[in-house]
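[1] I would like to see how this sequence folds:
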Amino acid sequence: MAHYIYLALILFTLSYPLYKSFEEKINYVSKWKFLFPAIISSAIFFIAWDIWFTKIGVWKFNPDYILGIYILNLPIEEWLFFIVIPFACIFIYEVMNYFVKKDVLKNYTPLITIVLVIFLVAFSVIYADRIYTFITFSLLAFFLLTHQYVIKSDYLGKFYLAWLICIIPFLIVNGVLTAMPVLIYNNAENMAIRIITIPLEDFFYGMLNILQVVTVYELLKKKYG
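    Okay, here's the model as predicted:
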């Protein structure tokens, strides 16, 4: 049964947002035509990143908790991760947009962005020799600055609010993945700072992943919605 742990986490994450996709208020299913291209575009990038990091030993997967089916040296569950997690997080994003009509963080968004970018840049410089830290923090800092000052997106504050909510299920799912552990990290390539059992970098890696999906998702909604 242990071999089904990662798959069970994926299915658990998928279950509620999939079930509620057909609920009339949110009507999440009607947005799938924008959602899945956004998820796929992000998955291509992050799966390539994952394959590379696995190859160079930044992390590895514990064979005790996976099915043992691999595609390009990644467990099948990891491929599903980059579809199911964004699916669930964008569901939360849509739920928050439905129930919180006002962009409550709008006036604070530039400040939040700058504080995050200063933190990310500072630690990417301090830990420039840790590849997971450096790449994750550098890419997210660049992407946040692009959103704030180039794209000038009107949904960044709503994304920040939704991401705060996403952190709750993130702590549960990633907590299990890192506690067992399903995913084993090479601490020579990260800051070795853990929130419970989760590397600090994972929070920003996840943020980058979901923001990339939201970016394409909102672009498609605006163009074709």
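[2] what ranges do the helices span in this structure?
    Using DSSP state H, the helices found in the chain span residues 5-20, 32-55, 76-99, 109-126, 131-146, 156-179, 200-224.
[3] out of everything not next to it in sequence, what's closest to residue 206?
    residue 170 (6.0 Å; C-beta to C-beta, 6 or more residues apart in numbering). C-betas here are computed from N, CA, C, even on glycine.
[4] hang on, the earlier thing: kindly reformat the helices of the chain as a markdown table containing mean pLDDT and mean neighbour count.
    Formatted as a markdown table, the helices of the chain follow (pLDDT from 0 to 100; neighbours: other C-beta atoms under 10 Å):
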| stretch | mean pLDDT | mean neighbour count |
| --- | --- | --- |
| helix 5-20 | 95 | 17 |
| helix 32-55 | 97 | 17 |
| helix 76-99 | 97 | 20 |
| helix 109-126 | 97 | 15 |
| helix 131-146 | 98 | 20 |
| helix 156-179 | 95 | 18 |
| helix 200-224 | 96 | 19 |
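[5] Ok, which of those helices comes nearest residue 187?
    helix 131-146 (9.6 Å; C-beta to C-beta).
[6] what sits up against the closest one?
    With contacts defined as C-beta atoms under 8 Å, 6 or more residues apart in numbering, helix 131-146 is touched by 49, 53, 56, 58-59, 113, 116-117, 120-121, 123-124, 127-128, 185, 189-191, 199, 201, 204-205, 207-208, 211-212.
[7] and it, C-alpha only, in CSV?
    Provided in CSV are the C-alpha atoms of helix 131-146 (Å, rounded to 0.1, in the frame of the first residue of the first chain):
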residue,chain,number,x,y,z
ILE,A,131,21.1,25.9,-7.2
TYR,A,132,17.5,25.3,-6.0
THR,A,133,17.5,28.5,-4.0
PHE,A,134,19.2,30.6,-6.6
ILE,A,135,17.1,29.6,-9.6
THR,A,136,13.8,29.6,-7.8
PHE,A,137,14.3,32.9,-6.1
SER,A,138,15.8,34.6,-9.1
LEU,A,139,13.0,33.5,-11.5
LEU,A,140,10.3,34.4,-9.1
ALA,A,141,11.8,37.9,-8.5
PHE,A,142,12.1,38.5,-12.2
PHE,A,143,8.5,37.3,-12.8
LEU,A,144,7.0,39.4,-10.1
LEU,A,145,8.8,42.6,-11.3
THR,A,146,7.6,41.8,-14.8
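[8] I'd like the distance from that helix to the chain centre, please.
    Average the C-alpha atoms of helix 131-146, do the same for its chain, and the two points are 13 Å apart (C-alpha atoms, centre = their mean, to the nearest Å).
[9] Likewise for stretch 182-196?
    Distance, stretch centre to chain centre, for stretch 182-196: 17 Å (C-alpha atoms, centre = their mean).
[10] Tell me the buried residues in it?
    182-183, 185, 189-191 (16 or more other C-beta atoms under 10 Å).
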